[in-house]
Structures are given as C-alpha cells and as structure tokens.
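sequence and predicted structure are below.
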Amino acid sequence: VHLVESGGGQVQPGGSLRLSCAASGFTFSNYYMSWVRQAPGKGLEWVSAVNSGGGSTSYADSVKGRFTISRENAKNTLYLQMNSLKPEDTAVYYCARYLGRDGMDYWGKGTLVTVSS
C-alpha cells in the first residue's frame with residue numbers, strides 16, 4: 001500500500017488549496033478514505049472521510065462548510081478541496097486508508113499547508 005499526498009503550500013488567509021492523494025498497491029475503490037492533519041506542536045486531528053463509492057462524506061466541525069472531500073476511483077485518487085482557509089488550518093495533511101471503528105491502517109507521508117499573510 002502506497003499513499004502519496006501533494007498540493008500543499010503556502011496560501012493567504014481566505015485562500016484555497018486542493019490536496020491530492022495518489023493511492024496504489026490495493027483496490028482503492030473498495031475502501032473508505034480519510035484526511036487527517038497535525039498542526040505544529042499538536043496532536044492528530046481527523047478532518048474528513050469518504051465512503052468507497054464517494055457518495056457519503058463526513059467532516060470535522062472545524063472544517064465543515066469550507067472543505068470538500070472527494071475521490072476519483074478510476075484514477076485511484078483522493079482529494080481535499082480547502083476553501084476560506086484560516087491560519088488555524090496550518091498543518092501537515094495526511095491521507096489514510098480508513099477502517100471505520102478500527103481507525104486508519106495506512107498513511108501517506110503528508111503535505112504541509114501553511115496559511116499565513
């Protein structure tokens with residue numbers, strides 16, 4: 001299993017970024033996927049999850065209404081569209097294969113998002 005995030009960078013408050021996660025080594029379309037972030041000096045925070053078909057999504061309250069998770073199973077790719085970014089969104093963002101109650105079993109190495117003027 002291999003997960004590779006991309007799309008991070010520095011953006012001003014109020015700006016947007018789109019993260020991608022390229023998956024390989026497993027049948028992507030069979031699994032729920034999620035995004036998790038870790039702000040500097042803080043613990044892991046679950047951000048969002050999507051079911052295997054892409055039709056059902058869930059979000060942390062901190063990002064609801066601003067972030068959109070999606071997936072393209074034909075391309076084995078997970079996305080996170082982030083709008084109206086705030087300085088408190090600054091973090092390393094990880095994609096992970098999501099097993100529901102059993103948590104996440106595989107993680108990417110992460111991509112850094114910095115929201116700063």
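Sure, I can see it. Numbering: from 1, shown residues only.

helices along the chain, start to end?
With DSSP state H as the criterion, the chain has no helices.

residues in contact with the closest residue to Ala96 other than its chain neighbours?
Excluding the flanking residues, the one nearest Ala96 by C-beta to C-beta, 6 or more residues apart in numbering is Met104, at 3.7 Å. For the C-beta atoms, the positions are set from N, CA and C on the backbone; glycine is no exception. For Met104, the contact set (C-beta atoms under 8 Å, 6 or more residues apart in numbering) comprises 34, 36, 96-98.

now, those that are in strands?
34, 36, 96-98 (DSSP state E).

for those, work out which two are farthest apart.
For the ones in strands among the contacts of Met104, the maximum inter-member distance is 11.2 Å, found between Val36 and Arg97 (C-beta to C-beta).

if we can go back for a sec, which of the contacts of Met104 sits closest to Val113?
Val113 has its nearest neighbour among those in Val36, at 12.7 Å by C-beta to C-beta.

thought the closest one was touching Leu44?
Yes - look at Val36 against Leu44 with C-beta atoms under 8 Å: they come within range, at 5.5 Å.

and for Phe26, the neighbour number?
By the criterion of other C-beta atoms under 10 Å, Phe26 has 14 neighbours.

which residue packs closest to it, ignoring adjacent ones?
Once flanking residues are discounted, Phe26 sits nearest to Val1: 5.1 Å by C-beta to C-beta, 6+ apart.

could you do Glu72 as well?
Distances taken as C-beta to C-beta, 6+ apart place Tyr79 nearest to Glu72, at 7.4 Å, with adjacent residues excluded.

any idea of the pLDDT on that neighbour?
Looking at Tyr79, its pLDDT is 98.

you'd agree it is up against Ser20?
Yes - using C-beta under 8 Å, Tyr79 is in contact with Ser20, at 5.7 Å.

before we move on, back to that, more neighbours, Val36 and Leu44?
Using other C-beta under 10 Å, the more surrounded residue of Val36 and Leu44 is Val36, with 23 against 15.
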